[in-house]
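**Q** Need a 3D model of the following:
(2 chains)
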2 protein chains.
Amino acid sequence: MPRHLVAALVVASLAACRAGEPGDAPAAKGGADRPAATEVRAASFDPAAWRAPADSEIPTDSLGASIRRGLALLQHTPDSLPHYAPGRIACRNCHLDGGRNVDAAPLAGSHARFPKYMERTGATITLADRVNYCFTRSLAGRRLPVESREMSDILAYLAFISRGVPVGAKLPGAGGLVAMKDTLVGDTLRGASVFRGKCAACHGADGAGNPAIPPGVPALWGAKSYSVGASMAREERAATFIWHNMPFGAGKTLTPQEAFDVAAYVNAHARPDSPGKELDWPAGGAPNDVPYDTKSGHKAHRPPPVLPRTNADGAIVPRPPRAATL
Amino acid sequence: MPRHLVAALVVASLAACRAGEPGDAPAAKGGADRPAATEVRAASFDPAAWRAPADSEIPTDSLGASIRRGLALLQHTPDSLPHYAPGRIACRNCHLDGGRNVDAAPLAGSHARFPKYMERTGATITLADRVNYCFTRSLAGRRLPVESREMSDILAYLAFISRGVPVGAKLPGAGGLVAMKDTLVGDTLRGASVFRGKCAACHGADGAGNPAIPPGVPALWGAKSYSVGASMAREERAATFIWHNMPFGAGKTLTPQEAFDVAAYVNAHARPDSPGKELDWPAGGAPNDVPYDTKSGHKAHRPPPVLPRTNADGAIVPRPPRAATL
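**A** Below you'll find the predicted structure:
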């Protein structure tokens, strides 16, 4: 059935419903309780019922080719873009299930919520800039040129897995990783023990990851892991990712305390620096677990040793500069 | 009423409706005619009922500041960005009513339909690239740096006037200007007569526009007008804009033939060149009224004299190049 017919039928049946059952229909509530214009526009969207499209729904046309390339880049980031993602860590390692997993910093719906104001940046940024925060901080690499085909492809994929989400709507997980119910304090010694027992088999006792285990196990510390400026370098952020998703395939089996312990242990190790990180949260408001000092007054939470960046030239995503300066 | 409650009520009432009136509800049509998953996702959106948010709905937060700056740039393009829009023509001159006017190449909903494959380009492009086609072709200026604050602001405004449109949905006008019902052949002599009678008072007998008439009347030809590579330089595209919207405030009063006559007259005059235009529609399929030859075999329709570009360096929006070449 053509989409516009489906839409017309649904609207028609809703109208018939309202006419036939005035006592139950929202329209019968009267003018005083009428939702504002913006609410009306989004009223028929149910975030809980929405599901991201499956890969099998990627169209077979030219746009579909771009979407598929974008997905491939998220899956095989260091292999496809070694200059921009030089580590042993790919987009897919955090954004599980092609970015559809609501417990793993979902990418689904991301196209609908950008541009947005980002407090860490202190500016309104585009989704392309947000992608580049992943490249520079989480992948400890370089900014992917915003005008490149690869960025277009990634953005096409992000729009694809946002299909049907009204522009401006936020899905569960829109703020990134789900916050842990309680913020605990991790113990690195206990964390080392849990790590040896439940993490090291895949990630290695040295945290270096393992490319031989499909689809590739990421490095958790060292030169090929995420930088100190990544969200994952924050204890609570790492703990919530670990608790929800790790051990891989057995998420939610650790206790929250164990998750914080492992997070503290992992994040105590040396990792790449993140140039410019001291400028984060320029208006203040840095979360407690940010592991570095900021000029706006935050004091580092358990700062790890940092490794000098060999790719410092492209490692910063500036606040969007005035065109006159470019 | 909170938005999620409204949504829940609507969904609930639809469900009740289906249960109570199985004969009329689309769900009762049976499995064979069941819409595909993608259709279900967008089924509750009614493009005809959707209305773009008003300026008064721009939020008062930091994102709202960006949205307002974006709107101001679309309104006062040459004043705000003289390096990028050096002519006597602004975004608002084609995109009337802040981009909400469905008869005037609406910007409303644009955020929901990009990235998309563009046949003229022969590639999947982002909305930022599409904006830059306006800067380089319609404003006969230079590419606005995609990573600039000004571009972020414009994109923030475009997302704002797309709020509530499901990602992937197309509104009326999504393809640009509404096609004229009949494609006629304009007569420049008749067009000159109509122009003198109904257009010259504002646009000037020399087509140079008039900045003294608020909010500024654009130049229709000459060095400060749109380039030969703009959609408006195509006879049918200009005719449909003119017929729907001109004389300003008295649209739809000319006959379609008069609109084509004026379009032919206006577009017969010299205007800025558009470097690289011969590469348009690389896979063929250029519309009949494109006024320049293409390498894929199109023969120019009534090509106007072209003026050399003084800003040729930034006048081309390339197909997104591979990152490795940047």
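**Q** Helices of chain A, start to end?
**A** Remark: helices assigned in chain A by DSSP state H are A:3-20, A:37-42, A:62-75, A:77-80, A:91-94, A:96-99, A:127-133, A:149-160, A:188-198, A:200-203, A:235-245, A:256-267.
**Q** now these as a markdown table including mean neighbour count?
**A** Every C-beta, even on glycine, is put in place using the N, C-alpha and C of the backbone. Formatted as a markdown table, the helices of chain A follow (neighbours: other CB atoms under 10 Å in any protein chain shown):
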| stretch | mean neighbour count |
| --- | --- |
| helix A:3-20 | 17 |
| helix A:37-42 | 18 |
| helix A:62-75 | 20 |
| helix A:77-80 | 19 |
| helix A:91-94 | 23 |
| helix A:96-99 | 20 |
| helix A:127-133 | 23 |
| helix A:149-160 | 26 |
| helix A:188-198 | 17 |
| helix A:200-203 | 16 |
| helix A:235-245 | 24 |
| helix A:256-267 | 25 |
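**Q** is it possible to export those helices to TSV including distance to chain B and mean pLDDT?
**A** Formatted as TSV, the helices of chain A follow (distance: least, CB to the nearest CB, whole Å; pLDDT from 0 to 100):
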stretch	distance to chain B	mean pLDDT
helix A:3-20	3	33
helix A:37-42	3	48
helix A:62-75	4	98
helix A:77-80	10	97
helix A:91-94	15	98
helix A:96-99	14	97
helix A:127-133	7	98
helix A:149-160	4	98
helix A:188-198	36	98
helix A:200-203	29	98
helix A:235-245	23	97
helix A:256-267	27	98
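**Q** for those, which one sits closest to A:A312?
**A** helix A:127-133 (14.8 Å; CB to CB).
**Q** gap between the closest residue in space to A:E258 that isn't next to it in sequence and A:V102?
**A** Leaving aside its sequence neighbours, A:E258 sits nearest to A:V194 (CB to CB, 6 or more residues apart in numbering or on different chains; 5.2 Å). Separation of A:V194 from A:V102 (CB to CB, to the nearest Å) stands at 25 Å.
**Q** Same check on A:G204?
**A** 29 Å.
**Q** Show me what stretch A:113-129 is in contact with.
**A** Here stretch A:113-129 makes contact (CB atoms under 8 Å, 6 or more residues apart in numbering or on different chains) with A:110-111, A:130, A:146, A:151, A:155, A:158, A:168-170, A:174, A:280-283, A:285-286, A:317, A:319-320, B:61-63, B:65-66, B:126, B:128, B:146-147, B:149, B:151-153, B:155-156, B:159.
**Q** Return the distance of it from the chain's centre.
**A** Relative to its chain's centre, stretch A:113-129 lies at 13 Å (CA atoms, centre = their mean, to the nearest Å).
**Q** what do you get for stretch A:193-211?
**A** Relative to its chain's centre, stretch A:193-211 lies at 23 Å (CA atoms, centre = their mean).
**Q** Could you export it as CSV, CA atoms only?
**A** What follows is stretch A:193-211, C-alpha atoms only, in CSV (Å, rounded to 0.1, in the frame of the first residue of the first chain):
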residue,chain,number,x,y,z
SER,A,193,40.3,-9.2,39.8
VAL,A,194,37.0,-9.0,37.9
PHE,A,195,39.0,-8.0,34.8
ARG,A,196,41.2,-11.1,35.0
GLY,A,197,38.2,-13.4,35.4
LYS,A,198,35.7,-11.9,33.0
CYS,A,199,37.4,-9.5,30.5
ALA,A,200,40.9,-10.6,29.9
ALA,A,201,40.0,-13.6,27.8
CYS,A,202,38.9,-11.3,25.0
HIS,A,203,40.5,-8.0,25.7
GLY,A,204,43.9,-9.4,26.8
ALA,A,205,45.5,-9.2,30.2
ASP,A,206,47.4,-6.1,28.8
GLY,A,207,44.1,-4.6,27.6
ALA,A,208,45.3,-4.5,24.1
GLY,A,209,42.3,-6.1,22.5
ASN,A,210,42.3,-8.8,19.9
PRO,A,211,41.6,-8.3,16.2
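**Q** tell me how far the ends of stretch A:173-182 are from each other?
**A** Its first and final residues considered, stretch A:173-182 spans 17 Å by CA to CA, to the nearest Å.
**Q** Which positions within it qualify as buried?
**A** By neighbour count with 16 or more other CB atoms under 10 Å in any protein chain shown, stretch A:173-182 contains the buried residues A:G173, A:A174, A:L177, A:V178, A:M180.
**Q** among these, which two are most distant?
**A** So, the buried residues of stretch A:173-182 by CB to CB: farthest apart are A:A174 and A:M180, at 17.2 Å.
**Q** so who does the residue nearest to the spatial centre of chain A touch?
**A** By CA atoms, centre = their mean, chain A has its centre lying nearest to A:A105, at 3.7 Å. Neighbouring residues of A:A105 by CB under 8 Å, 6+ apart: A:C94, A:H95, A:G173, A:G176, A:L177, A:S231, A:F241.
**Q** List just the nearest of the buried residues of stretch A:173-182 to chain B.
**A** Minimum distance to chain B across the buried residues of stretch A:173-182 is 13.3 Å, recorded for A:A174 (CB to the nearest CB).
**Q** ok, the closest one touching A:H111?
**A** No. If you go by CB atoms under 8 Å, A:A174 and A:H111 don't touch, sitting 11.6 Å apart.
**Q** quick one on the thing from earlier: contacts only, for the residue nearest to A:E258.
**A** By CB under 8 Å, 6+ apart, the contact set of A:V194 is A:L254, A:E258, A:D261, A:V262, A:Y265.
**Q** redo that, cut-off 7 Å
**A** Residues near A:V194 by CB atoms under 7 Å, 6 or more residues apart in numbering or on different chains: A:E258, A:D261, A:V262.
**Q** Also A:N288?
**A** A:N288 neighbours (CB under 7 Å, 6+ apart): A:H301.
**Q** domains for chain A, by residue range?
**A** Domain assignment of chain A by automatic domain parsing yields the ranges A:59-160, A:188-314.
**Q** between these, which gets nearest to B:G276?
**A** domain A:59-160 (15.5 Å).
**Q** what separates the closest one from the chain centre, distance-wise?
**A** The answer for domain A:59-160 is 9 Å, by CA atoms, centre = their mean.
**Q** And that domain, end to end?
**A** 10 Å.
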